[in-house]
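[1] Kindly return the folded structure for what I paste below:
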Amino acid sequence: MSRILLLGGSGILGSEVLNQLQVRNIDYVSPKSSDLDIRDRGSLESFIGDFKPNWVINCAAWTNVDGAEDSFDSALELNSVAVKNIAEVAKKYECPVIHISTDYVFDGDSSNPYSETAPVNPVNRYGQSKLQGENALLEAFSEGAYIIRTSWLYGTKGKNFVKTMAKKALHNESVRVVDDQKGSPTSAQDLAIGIIRLSKTQPKPGIYHYSNTGSCSWFELARAIYKKAGADSNLVEPIPSASLNLKAKRPRYSLLSKEKWNSAGISEIPDWESSLEKLLPEILAEIRESGKL
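    The predicted model follows:
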């Protein structure tokens, strides 16, 4: 019987993993950050020693891309130092780790989907912090490390692009969205199912890529959200990335190759449009129910 320690269970992805654990009646514990600080090695060791999980699923992360430019040390604490703690303690208890990483470890200069072995070259400090976390896990516990890189993640919980656009669509607001960055939106619900399936199939440890299939620009994604929400998609205006003057540079191309995931037979990967169609009603309901309209 599986015993799962889920870290970061309240975020975009973690909340969906939590749902999957519950519907499958899998034994788990998902402590709040106030109850377990994964940056504290001693606390983490005590917790894992008491619970003795079969798997650690780490969805906890610093995800503020622009904030990492000014608060790099804080980003490193959560995205690298904490991951090293998890790796070392998990190795002691022979407990494999599923850790979530990002397409931002790449520079975006490719024109072909990135494989797991493609050269990494993050263009911002968030990407650097996540890459350091990957390396920390692999160096400390390569035989039990499963790193899943994903991209453009969205879901019903947490702050994400799809929720932001959905709220604006419900208000029939005009928006300006960049059209020169290309990637694959990823449903947190789909990825959560994939994570549970990985823990069941137990493929060879290493790095795996998962995002929904197909590709679009942020502008195309925003228009799709407006259309599916019943709003006028012409309210979405395309702009170049340079016009936003963001602190952190973004990769212009972040498509991930899923060949390794598919070859391992872990789970089916839906296309981004059908997944958006499926999850958007839940996102719209969450917005309405939260009273943020």
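
[2] by contact count, what packs against the helix or strand harbouring residue 169?
    Following DSSP states H and E, the helix or strand that holds residue 169 is helix 161-170. Judged by 3 or more C-beta pairs under 8 Å, 6 or more residues apart in numbering; DSSP states H and E, the packing partners of helix 161-170 are strand 153-154, strand 175-178, helix 218-228, helix 272-289. Just so you know, the C-beta spots here come from the backbone N, C-alpha and C atoms, and that holds for glycine as well.

[3] ok, and for that helix, which residues are buried?
    Buried residues in helix 161-170, defined by neighbour count with 16 or more other C-beta atoms under 10 Å: 161-163, 165-170.

[4] which among those residues gets closest to residue 65?
    When these are compared for distance to residue 65 (C-beta to C-beta), residue 161 wins out at 11.5 Å.

[5] how many other residues sit next to the spatially closest residue to residue 277 that is not a sequence neighbour?
    Excluding the flanking residues, the one nearest residue 277 by C-beta to C-beta, 6 or more residues apart in numbering is residue 228, at 6.3 Å. Residues near residue 228, counting by other C-beta atoms under 10 Å, number 17.

[6] before we move on, the earlier item: average model confidence for the helix holding residue 169?
    Averaged across helix 161-170, pLDDT comes to 97.

[7] Can you show me the CA trace of that helix as CSV?
    Backbone C-alpha positions of helix 161-170 (Å, rounded to 0.1, in the frame of the first residue of the first chain) are rendered in CSV as follows:
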residue,chain,number,x,y,z
PHE,A,161,-2.5,32.8,-16.4
VAL,A,162,-5.7,30.9,-17.3
LYS,A,163,-7.5,32.0,-14.1
THR,A,164,-6.4,35.6,-14.7
MET,A,165,-7.7,35.6,-18.3
ALA,A,166,-10.9,33.8,-17.3
LYS,A,167,-11.7,36.4,-14.7
LYS,A,168,-11.1,39.2,-17.2
ALA,A,169,-13.2,37.3,-19.8
LEU,A,170,-16.1,37.2,-17.3
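
[8] okay, the buried residues of helix 161-170 in TSV with distance to residue 221 next?
    TSV is the format used below for the buried residues of helix 161-170 (distance: C-beta to C-beta, whole Å):
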residue	distance to residue 221
161	7
162	7
163	12
165	8
166	11
167	15
168	13
169	12
170	16
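
[9] related to what we said a few turns ago, got a markdown table for the helices and strands packed on helix 161-170, with mean pLDDT and distance to residue 251 too?
    Below are those laid out as a markdown table (pLDDT from 0 to 100; distance: least, C-beta to C-beta, whole Å):
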| stretch | mean pLDDT | distance to residue 251 |
| --- | --- | --- |
| strand 153-154 | 98 | 15 |
| strand 175-178 | 98 | 12 |
| helix 218-228 | 98 | 12 |
| helix 272-289 | 96 | 17 |
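
[10] okay, those, which one's buried deepest?
    strand 153-154 (a mean of 26; mean count of other C-beta atoms under 10 Å).

[11] ranges for the strands of the stretch 51-200 of the chain?
    55-58, 97-102, 145-150, 153-154, 175-178, 182-183, 186-187 (DSSP state E, counting those that start in this stretch).

[12] wait, which of these is closest to residue 239?
    For those, proximity to residue 239 was assessed by C-beta to C-beta; strand 175-178 is nearest, at 4.7 Å.

[13] Okay, now the sheet partners of the closest one, with direction.
    According to DSSP bridges, strand 175-178 forms sheet pairs with strand 236-239 (parallel).

[14] in the strand it pairs with, what's buried?
    Neighbour counts over strand 236-239 (16+ other C-beta under 10 Å) mark residue 236 as buried.

[15] following it, which helix or strand shows up next?
    helix 259-263.

[16] How far off centre is that following helix?
    Relative to its parent chain, helix 259-263 has a centroid offset of 18 Å by C-alpha atoms, centre = their mean, to the nearest Å.

[17] Could you pull up the mean pLDDT of it?
    If you average the pLDDT over helix 259-263, you get 98.
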